[in-house]
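Visitor: no sequence for this one, just the structure:
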């Protein structure tokens, strides 16, 4: 690597390779990879459209994420399968599971209502990631402003109800998770007490 152009070319190649490796891209076709670079910089006709490129990359990223987090997915699916067998657990069409801990007799909220709740959220490992109970202060928020599992459960509840929710990842924070506390594809457990519909 004697010339400035050679050094820059090699540095760029290494930089791209490191970034791709960190993102989990392995086993792709190097000939096609270098052909794409050549086509772009030589202004040749491209062999894939921009939408095709975007879809191919999205599909690959989803596959990488699914493989990386397969253990979390499998543990969540196994937990929900076993949990659904319990007599006191109900399962909705979406896959949401719930257990009535205490029954109230107040109003049920609409999706557009604000509610005040006390809740305690944890992973199936038992790790607590958020808890208004631990903070000692109830939380108020719009029903349609929370994760899908809550959006489904809250309108079925009445003021004074306390339910335990078992929420599949696709009704929670999905394949992205939420910060460091909730990994991607996490099944979540919440104890939720509906204090009031505001």
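Guide: On my side now, so go ahead. No experiment lies behind these values; they were computed from the predicted model shown.
Visitor: Find the centremost residue of this structure, please.
Guide: Centroid-nearest residue in the chain, with Cα atoms, centre = their mean: residue 174, separated by 2.1 Å.
Visitor: any residues touching the helix or strand of the chain with the lowest mean pLDDT, and which ones?
Guide: The weakest-scoring helix or strand in the chain, judged by mean pLDDT, DSSP states H and E, is helix 50-68 (a mean of 90). The contact list for helix 50-68 (Cβ atoms under 8 Å, 6 or more residues apart in numbering) reads 23-25, 48, 73, 175, 184-185. Yep, even glycine has a C-beta here, placed from its N, CA and C like the rest.
Visitor: Next secondary structure after the host helix or strand of residue 121?
Guide: Counting by DSSP states H and E, the element that carries residue 121 is strand 114-123. Scanning forward in sequence from strand 114-123 by DSSP H and E, the next helix or strand is strand 128-131.
Visitor: neighbouring contacts of that following strand?
Guide: Counting by Cβ under 8 Å, 6+ apart, 119-123, 134, 178, 181-182 sit against strand 128-131.
Visitor: Out of these, grab the one that's most surrounded.
Guide: residue 121 (21 neighbours; other Cβ atoms under 10 Å).
Visitor: That residue contacts residue 188, doesn't it?
Guide: Yes. Under the criterion of Cβ atoms under 8 Å, residue 121 makes contact with residue 188 at 6.2 Å.
Visitor: related to what we said a few turns ago, make JSON lines from the contacts of strand 128-131 and add distance to residue 64 and pLDDT to it.
Guide: As requested, those are arranged in JSON lines below (distance: Cβ to Cβ, whole Å; pLDDT from 0 to 100):
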{"residue": "119", "distance to residue 64": "33", "pLDDT": "98"}
{"residue": "120", "distance to residue 64": "33", "pLDDT": "97"}
{"residue": "121", "distance to residue 64": "28", "pLDDT": "98"}
{"residue": "122", "distance to residue 64": "28", "pLDDT": "98"}
{"residue": "123", "distance to residue 64": "22", "pLDDT": "97"}
{"residue": "134", "distance to residue 64": "35", "pLDDT": "96"}
{"residue": "178", "distance to residue 64": "20", "pLDDT": "93"}
{"residue": "181", "distance to residue 64": "22", "pLDDT": "93"}
{"residue": "182", "distance to residue 64": "19", "pLDDT": "95"}
